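Novice: Prediction below, plus the sequence it came from.
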Amino acid sequence: MAVQTPFYYYDLALLENTLQALNDAIPSSKFKVHYAVKANAEDRILQTIQRYGLGADCVSGNEITKSIACGFNPSEIVLAGVGKSDAELHTAISNGIHSINCESIEELEVINEIAEQNNRVANISFRINPNVDAKTHHKITTGLSENKFGIPISEVSRAIAEIRKMEFLSLSGIHFHIGSQILSMDPFIKLCNQVNTLLDEIEGEGIQLDHINVGGGLGIDYLNPDQNPIPDFEKYFAVFHEHLNVRDGQTVHFELGRSVVAQCGSLITKVLYVKKGATKNFAIVDAGMTELIRPALYDSYHEMENITADSLLGTDNYSVVGPICESSDVFGELEMPITKRGDLIKIKSAGAYGQVLSSNYNLRDSAKAYYSDKNELTSWVGSEKKETSLT
Ligand code: LLP
């Protein structure tokens, strides 16, 4: 079989083991996880996640349509986003999704109008900005006052007064999301304390909420992906089980993306040239920031491995770079077995915010996805390195 590099490779067995571990770690029947579709929206990934009983957390009309096509029931779909278009709100309301996370008082009126046009009452969650520091990269922090997301906590009373006036809206929950790739549990504990205070306040207004959505954010081990392929879901859920004062009849929603799909995906790229620079060696590969932008955008670390080199020939230091005409098109620096033209490099932990963030800058072709169960490429990413010819 001829395979064009670069390509994404998904280990479906690892995805299923991750989903099983997630389900096994859920400590209460009140907890419901919606998968954050933005992390990876491949059909086969969505279908697998749906089979494990998760709902879908969407941020666009197209994500809603795709989630429904992949088997998710609209009653298990939520819509978030700081700038939802009228068309997206129509898609959400006409499909009768579980709830719309509303990010501003200004938005309420628009949703009310569109719900009226659809002759339906829309369930609304207020997305609240809790001003909790997630202590993660500043570009993936969302819950600070200076961020554009959510209704400030100080405005909640006003938002309640407004929604009471709206005939086609029903306030059913509150929603928070403080950021992504969070490894310490402390920010989540702080979030729980904020939520508890706010719940008391909202109840003081005579409102009983049906759910509390605490967002996503659980991080993964980018440094040791092979040793720690599955995140510690137990530790994560235990925080909310212990610290959140959930009332009778209320459910707690989670929106996990990265922790579900990051480790099952890799980007496989071919070495085009090994170039001796004035100060270092460059391994110039055929994938670039167009296929995986995380290193260029957030200085993210992804472990890399030359999966075809002969390790007996010794090692050298390389800067692994892409072909794009941008200085930030660099995947990282590492010591690798002596590397030559035609070798394949596996860039790991690329299942979340990898393929979905691809672009066709420089008019590049889109990288295809291959799946472990089809056995198409086990010869390259698995142990036997034979048969498959790469073009
Ligand atoms: N809920 C909301 C409202 C979100 O904004 C996000 C992610 C999630 C849930 C899922 O968060 P997760 O469990 O995946 O941390 N492109 C960046 C990450 C951006 C995250 C955006 N929001 C990256 O590559 O690191």
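Specialist: Happy to help now that I have it.

Novice: What is the burial count for Asp310?
Specialist: The tally of other residues near Asp310 (other C-beta atoms under 10 Å) stands at 11. C-beta here means a position set from N, CA and C on the backbone, and glycine is covered the same way.

Novice: wait, I meant Leu12
Specialist: Leu12: 15 neighbours (other C-beta under 10 Å).

Novice: what sits against the residue nearest to Ala92 when sequence neighbours are not counted?
Specialist: Excluding the flanking residues, the one nearest Ala92 by C-beta to C-beta, 6 or more residues apart in numbering is Leu79, at 4.6 Å. The contact partners of Leu79, by C-beta atoms under 8 Å, 6 or more residues apart in numbering, come to 58-59, 64, 88, 92, 97, 99-101.

Novice: quick one: buried residues of stretch 323-337?
Specialist: 323-324, 329-332, 334, 336-337 (16 or more other C-beta atoms under 10 Å).

Novice: how about the helices of the protein, start to end?
Specialist: In the chain, the segments counted as helices under DSSP state H are 12-25, 43-51, 61-69, 86-94, 105-117, 156-164, 186-204, 233-243, 258-261, 294-298, 378-381.

Novice: Is it possible to get a markdown table of those that adds distance to the ligand and mean pLDDT?
Specialist: Listed next are those as a markdown table, based on distance: least, C-beta to the nearest ligand atom, whole Å; pLDDT from 0 to 100:
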| stretch | distance to the ligand | mean pLDDT |
| --- | --- | --- |
| helix 12-25 | 12 | 98 |
| helix 43-51 | 13 | 98 |
| helix 61-69 | 12 | 98 |
| helix 86-94 | 15 | 98 |
| helix 105-117 | 15 | 96 |
| helix 156-164 | 18 | 94 |
| helix 186-204 | 12 | 95 |
| helix 233-243 | 10 | 98 |
| helix 258-261 | 4 | 98 |
| helix 294-298 | 5 | 97 |
| helix 378-381 | 22 | 59 |
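
Novice: Of these, flag the one that's most buried.
Specialist: With neighbours taken as mean count of other C-beta atoms under 10 Å, these reach their highest mean count in helix 258-261, at a mean of 28.

Novice: Counting by contacts, list what it packs against.
Specialist: Contact analysis of helix 258-261 by 3 or more C-beta pairs under 8 Å, 6 or more residues apart in numbering; DSSP states H and E lists helix 12-25, helix 43-51 as its packing neighbours.

Novice: for the nearest residue to Ser300 once chain neighbours are set aside, what are its contacts?
Specialist: In space, Ser300 comes closest to Arg294 once its chain neighbours are excluded; the distance is 4.0 Å by C-beta to C-beta, 6+ apart. Residues in contact with Arg294, defined by C-beta under 8 Å, 6+ apart, are 300, 302, 350, 353-354, 357.

Novice: try Ile105
Specialist: Taking C-beta under 8 Å, 6+ apart, we find Ile105 in contact with 151, 155, 158-159, 162.

Novice: Out of the buried residues of stretch 323-337, which is nearest to the ligand?
Specialist: Ranked by distance to the ligand (C-beta to the nearest ligand atom), these are led by Phe331 at 14.2 Å.

Novice: Please name whichever of the helices and strands packed on helix 258-261 is nearest to Ala69.
Specialist: Closest approach to Ala69 among the helices and strands packed on helix 258-261 (C-beta to C-beta): helix 43-51, 7.9 Å.

Novice: and that closest one with helix 12-25, angle?
Specialist: Taking axes from the mean of the first three to the mean of the last three C-alpha atoms, to 10 degrees, one finds helix 43-51 and helix 12-25 inclined to each other by 30 degrees.

Novice: What are the contacting residues of helix 43-51?
Specialist: The contact list for helix 43-51 (C-beta under 8 Å, 6+ apart) reads 10, 12, 15-16, 19, 35, 37, 56, 66-67, 69-72, 260-261, 351, 369, 371.

Novice: and what of stretch 358-365?
Specialist: By C-beta under 8 Å, 6+ apart, stretch 358-365 touches 4, 288-293, 324-325, 366-367.

Novice: closest to Gly215 out of the helices of the chain?
Specialist: helix 186-204 (8.3 Å).

Novice: elements contacting that closest one?
Specialist: Counting contacts by 3+ C-beta pairs under 8 Å, 6+ apart, helix 186-204 packs against helix 156-164, strand 169-175, helix 233-243.

Novice: Mean confidence (pLDDT) on the shortest one, please.
Specialist: Which is strand 169-175. Summarised as a single mean, pLDDT over strand 169-175 is 97.
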